[in-house]
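Novice: I'll drop the sequence and a predicted model, then ask my questions.
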Amino acid sequence: MIVEEIMNTDVSTLTKEHTIADAIHLLSEKRIRHVPIVDGDNQLLGIVSDRDIKDATPSILDIEGRKEVLNRSISTIMTTNIITGHPLDFVEEVSAIFYDSKISCLPIVQDHKLVGIITQTDLLHTLVELTGAHQPGSQLEVRVPNKPGKLFKVFSCIQNRKVNILSVLVYPDKKDEFYKVIVLRIQTMNPLRLIEDLENSGFEVLWPNLPGMEAE
């Protein structure tokens with residue numbers, strides 16, 4: 001999946017001529033936490049977050065000081081050292097940027113112009129869709145040797161039971177580098193027969209455990 005498929009293209013923006021008061025009004029009206037600052041050609045100049053505004057705004061008890069700050073240009077508090085993405089970036093790569101850089105939004109730029117934005121909420125929504133967690137079904141976690149063909153054999157067991165697969169994730173076994181864990185979301189509420197098939201085929205089912213069995 002690429003960024004273009006999940007980014008928000010209806011982006012609320014301000015120019016550097018707008019004031020901090022304008023930004024507060026826009027964030028409240030649109031119920032957003034970030035506003036990109038652009039020029040007349042929609043080129044990205046900076047970004048302002050609700051935290052930037054909070055840090056720059058005096059206490060409401062300081063009426064004169066607060067009035068002075070609210071009338072200042074938004075350019076005085078915007079962040080200009082901005083990490084950006086491209087519409088053709090892969091979503092998993094963008095997720096790594098969020099994780100590594102500890103950011104909460106990512107402006108998307110193409111041909112030097114702002115074309116969209118992605119937030120943490122967008123990524124969370126995408127994760128739910130990719131994992132099928134919003135659909136009725138069951139989750140299986142199967143531990144297999146890290147060798148070619150193992151995923152196919154797991155799929156064969158599922159196919160024999162005529163169960164539909166909603167999503168598949170694979171990650172390394174943290175305890176043993178020679179194994180990996182296959183996480184499957186399947187469209188059935190009773191996976192017990194399938195679990196028996198997998199175990200009879202030599203696979204270790206980590207989740208769910210069959211009734212009466214103790215977790216390791």
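Specialist: Sure thing, it's come through.
Novice: from here on, contacts and neighbour counts on C-alpha atoms
Specialist: Noted.
Novice: measure Asn146 to Lys180 for me?
Specialist: Here the criterion is C-alpha to C-alpha, to the nearest Å. By it, Asn146 lies 6 Å from Lys180.
Novice: the more surrounded of these two?
Specialist: Lys180 (20 against 16; other C-alpha atoms under 10 Å).
Novice: which SS class is that one?
Specialist: strand (DSSP: H, G, I helix; E, B strand; the rest coil).
Novice: can you name the residues that contact it?
Specialist: By C-alpha atoms under 8 Å, 6 or more residues apart in numbering, the contact set of Lys180 is 143-146, 170-173.
Novice: now Gly132
Specialist: Neighbouring residues of Gly132 by C-alpha under 8 Å, 6+ apart: 166-167, 185.
Novice: between the residues you listed, which has the most around it?
Specialist: Of the contacts of Gly132, Arg185 is surrounded by the most neighbours, 21 neighbours in total, counting by other C-alpha under 10 Å.
Novice: and the nearest residue to that residue once chain neighbours are set aside, what element?
Specialist: Among residues not flanking Arg185 along the chain, Gln139 sits closest, at 4.6 Å (C-alpha to C-alpha, 6 or more residues apart in numbering). Using DSSP states H and E, Gln139 sits in strand 138-145.
Novice: immediately after that strand, which helix or strand?
Specialist: The helix or strand immediately downstream of strand 138-145 is helix 150-160, counting by DSSP H and E.
Novice: Leu151: neighbour count?
Specialist: Neighbours of Leu151 under the rule other C-alpha under 10 Å: 16.
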